[in-house]
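J.: kindly return the folded structure for what I paste below:
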Amino acid sequence: MGVKKSLYIRFVAAAMCAALFALNGCSGTSSNSSADNQQFTAKTVSISGSVDSVLGKVTAKSVGAVANVIGSVTAVDALTGTTVSTAPAEIVNNQFSGLTFNVSSAKTVFVLVANITNGPTFRSIIPLDLSNQPTGLFFSTPLTVLVGPKSESVVQAVEKTLNIQSKIGIVSGSSIPAGTSFSTVSNAVTGNGGGVVAYGQTGITIIGSMETIATQTQFIYTSDSHYGIKRAAFNGYSSGSQVNGALVNVMNSMPGVTLNCIDGGLNACKPVGAVDFVVNTGDLANRADGNVYPYKNAAAKDVWPQFALDYLTTLNLKDKVGNKAPVYLVPGNHDVSNAIGYYKAPLNTDAGLDATSYVQIYNIMMKPATALTTASFGTYATAATAYATNRVVTSRDVNGVHLVFVGMYPDSVSRPLIDADLAKVSAATPVILFTHDQPTSESKHFTNPNLTTLPVTPINGTNKFENLLSDVYADTQAAGNTPGTSTDIEQRAFVAWLKTHKNIVAYFHGNDNANEFYTYTGPDNDIALNIIRVDSPMKGNFSATDPTKLSFQVVTIDPLAQKMTVREYLWYLKQWGASTTISLAPRAI
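T.: Now for the predicted structure:
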């Protein structure tokens, strides 16, 4: 995609040798040519540079920089994985200088690592060939190196080409495999869109550019897959695996689809192209509480392999680097109830519990050092504890936007975890929440308030509270001490928390499934939050009986323009539906 020149973060690197460009000129570090090195005198290289003024102001604001320090730059020897710069060079007032390192070979490969405070890290890989110094050359031509997502994409593509398993300059000790020739590395760099630094007739030149610090992001959003049940048939599809399989096949075709030309949204009339990730906000496995097709009392352990086959294997979208797009997940009420119990058989006994989908979602998203297992959810008592202490609350930073994934709903247990995460994020960085429940949630999802007065287990058919959220239900109950119609008290706690994070600018949810874009104002009309609600392939409010309403969403984010376009894609009809473009600027209220 095109990026305005003024948006580049620009390291104008004047590679200068010590001793005022002595006769041997500037040079590099490791080589596979002993002849080159025999003629080479080691030098100290110093790199200075600047950040484009327009982007510098945006970046300084977005990371909440103190004294205009917006980050630092280091240099890493890609052949050894060691940091070679003597100290990081700070980017101060859009300038950096004094990034120095020693070089001892005519041919080497180094990586510039730009760490943006409270923001992303971008790298630039530069093969350096200084084996053919022109006679009489006493100076170096200044180099312009643009470090950002494009250069990071080049680095990742080179790592993939050379079968490097971890990130050079980010993962300690990661390096180009021993024995790899300089020409092999150079070909990998130029073949993936990068450039090689070498002597020319007038000094050192570089071919290639490294793009902006903030680039667009694109993802696909769906929810409530509900494997284990059937719906009204269409085209011979009825079961969860059949319908979701068809949905995934359409998703795989999206890169070649042209975005809506008339909605005025981001990238209108352009191909969808690369997809950076996919989000599914829960109810992956339907709750096993009845006679359902194709299984009776469909267990999560039976339907999870179907979900994994469709969304984790068959789904094969690629990001801008050509890597498989990750799938981000949160659990829904059905995933949680399967794990902790429900008041209908077979989930009303210890033997009926099946935490498979919850555990799999947790391990995929939280990546614990020791994987969570279903054994932790063996009984009602242990399941309640396991759920309380193993919540899915995590985040990802993608191109200047902070994505927070919250299991079920931002309740009183999840909110402090999100607070701790957002403490590391600038107040100017857009934050997007992905969760299962709508902002109002549902009264039955809260914790049973009756246990001190009734001799019943926490989850029971008398009260019918599901104990999915940590907050004890405080609104007026219905007859028989059952869930009432209001969640105003619970919402007020949520709204009060939202007011402390005005950079939470959008909230994506499933559970009550239909395509809708609306503004949540809270029970007292004292907040304004963009809400994106999505359809379900199995239980959509309208699409469950009318396949022409089946949809998922394609989302395009431009963090520098502070805009996000959400487009409904009617996947049965294969045409665009409704769309909205919203601001990512911090909320006024």
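J.: what about the spatially most central residue of the chain, helix or strand, and which?
T.: Taking C-alpha atoms, centre = their mean, the centroid of the chain lies closest to residue 396, which sits 4.2 Å from it. Assigned by DSSP states H and E, residue 396 falls within strand 393-398.
J.: now swap in residue 527 and tell me
T.: Residue 527 belongs to no helix or strand, assigned by DSSP H and E.
J.: pLDDT value on the residue nearest to it when sequence neighbours are not counted, please?
T.: In this structure, residue 527 finds its nearest non-sequential neighbour in residue 495, 5.1 Å apart by C-beta to C-beta, 6 or more residues apart in numbering. Yep, even glycine has a C-beta here, placed from its N, CA and C like the rest. pLDDT recorded at residue 495 is 98.
J.: tell me the SS of residue 495?
T.: helix (DSSP: H, G, I helix; E, B strand; the rest coil).
J.: what is the burial count for residue 230?
T.: A count of nearby residues for residue 230, using other C-beta atoms under 10 Å, gives 17.
J.: close enough to count as contact, it and residue 241?
T.: No - the pair residue 230 / residue 241 is not scored as a contact, 10.0 Å apart, by C-beta atoms under 8 Å.
J.: list the contacts for the residue nearest to the centre of the chain?
T.: 277, 328, 402-403, 405 (C-beta atoms under 8 Å, 6 or more residues apart in numbering).
J.: among the residues you listed, show me the least confident.
T.: residue 402 (89).
J.: so where does it fall, helix or strand?
T.: Assigned by DSSP H and E, residue 402 falls in strand 401-406.
J.: same for that strand, what does it pack against?
T.: Helices and strands touching strand 401-406, by 3 or more C-beta pairs under 8 Å, 6 or more residues apart in numbering; DSSP states H and E, are strand 327-329, strand 393-398, helix 414-422, strand 431-434.
J.: identify the bridge partners of residue 575.
T.: Beta-bridge partners of residue 575, counted by DSSP bridges, are residue 570.
J.: name the helix or strand for residue 186, please.
T.: Applying DSSP H and E as the criterion places residue 186 in helix 182-191.
J.: run through who's touching stretch 515-533.
T.: With C-beta under 8 Å, 6+ apart as the test, stretch 515-533 has contacts from 221, 438-439, 488, 491-492, 494-495, 498-499, 504-510, 512-514, 534-535, 551, 553, 566, 568, 577-578, 580, 582, 587-589.
J.: ChimeraX command to pick out the buried ones of the residues you listed?
T.: Per 16 or more other C-beta atoms under 10 Å, the buried members of these correspond to this ChimeraX selection:
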select :221,438,439,488,491,494,495,498,504,505,506,507,508,509,510,512,513,534,535,551,553,566,568,577,580,582,587
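J.: any idea how the chain splits into domains?
T.: Annotated domains of the chain cover 5-206, 217-441+487-583 [automatic domain parsing].
J.: the last one spans what distance, first to last residue?
T.: In this case it means domain 217-441+487-583. Chord length of domain 217-441+487-583, first to last residue, is 15 Å (C-alpha to C-alpha, to the nearest Å).
J.: cool, stretch 290-305 as well?
T.: OK, stretch 290-305 end separation, C-alpha to C-alpha: 20 Å.
J.: again, but for stretch 325-337
T.: Terminal residues of stretch 325-337 are spaced 29 Å apart (C-alpha to C-alpha).
J.: so how far is that stretch from its chain's centroid?
T.: Stretch 325-337 sits 15 Å away from the centroid of its parent chain (C-alpha atoms, centre = their mean, to the nearest Å).
J.: now stretch 385-396
T.: Worked out by C-alpha atoms, centre = their mean, stretch 385-396 lies 18 Å from the chain centre.
J.: with stretch 282-293 instead?
T.: 28 Å.
J.: begin at 54 from now on, thanks
T.: Noted, 54 is the first residue going forward, which turns the last one into stretch 335-346.
J.: in that stretch, what counts as buried?
T.: 335-342, 345.
J.: ok, now stretch 447-463?
T.: By 16+ other C-beta under 10 Å, the buried positions in stretch 447-463 come out as 447-448, 450-463.
J.: pull up the distance across that stretch, start to finish.
T.: 12 Å.
J.: next one: stretch 631-642
T.: End-to-end distance (C-alpha to C-alpha), stretch 631-642: 26 Å.
J.: kindly report the same for stretch 319-337.
T.: From its first residue to its last, stretch 319-337 covers 30 Å (C-alpha to C-alpha).
J.: what's the spacing between it and its chain's center?
T.: Using C-alpha atoms, centre = their mean, the offset of stretch 319-337 from its chain centre is 12 Å.
J.: ranges for the strands of the stretch 454-603 of the chain?
T.: Ranges of strands in the stretch 454-603 of the chain, per DSSP state E, counting those that start in this stretch, are 454-459, 484-487, 557-562, 569-573, 582-586.
J.: TSV please, covering the ones you listed and showing distance to residue 354.
T.: TSV is the format used below for these (distance: least, C-beta to C-beta, whole Å):
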stretch	distance to residue 354
strand 454-459	23
strand 484-487	25
strand 557-562	27
strand 569-573	33
strand 582-586	30
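J.: got any ranges where the stretch 404-553 of the chain has weak pLDDT?
T.: Within the stretch 404-553 of the chain, the segments meeting pLDDT under 70 span 507-508.
J.: please, where are all the helices along it?
T.: Using DSSP state H, counting those that start in this stretch, the helices of the stretch 404-553 of the chain run over residues 409-419, 433-442, 467-475, 541-551.
J.: show residues contacting the first one.
T.: Yep, that's helix 409-419 we're talking about. 335, 337-338, 352-354, 356-357, 360-361, 380-384, 388-389, 391-392, 421, 424-427, 429-430, 440, 443, 445, 447, 458, 460.
J.: repeat that with 6 Å
T.: Under the criterion C-beta atoms under 6 Å, 6 or more residues apart in numbering, residues 337-338, 353-354, 357, 382, 384, 388, 392, 424-425, 427, 443, 445, 447 lie in contact with helix 409-419.
J.: same thing with the third one?
T.: Counting contacts by C-beta under 6 Å, 6+ apart, the residues outside helix 467-475 that touch it are 446, 448, 457, 459, 550, 554.
J.: as JSON lines, those residues with distance to residue 278 would be great.
T.: As requested, these are arranged in JSON lines below (distance: C-beta to C-beta, whole Å):
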{"residue": "446", "distance to residue 278": "21"}
{"residue": "448", "distance to residue 278": "23"}
{"residue": "457", "distance to residue 278": "21"}
{"residue": "459", "distance to residue 278": "18"}
{"residue": "550", "distance to residue 278": "29"}
{"residue": "554", "distance to residue 278": "29"}
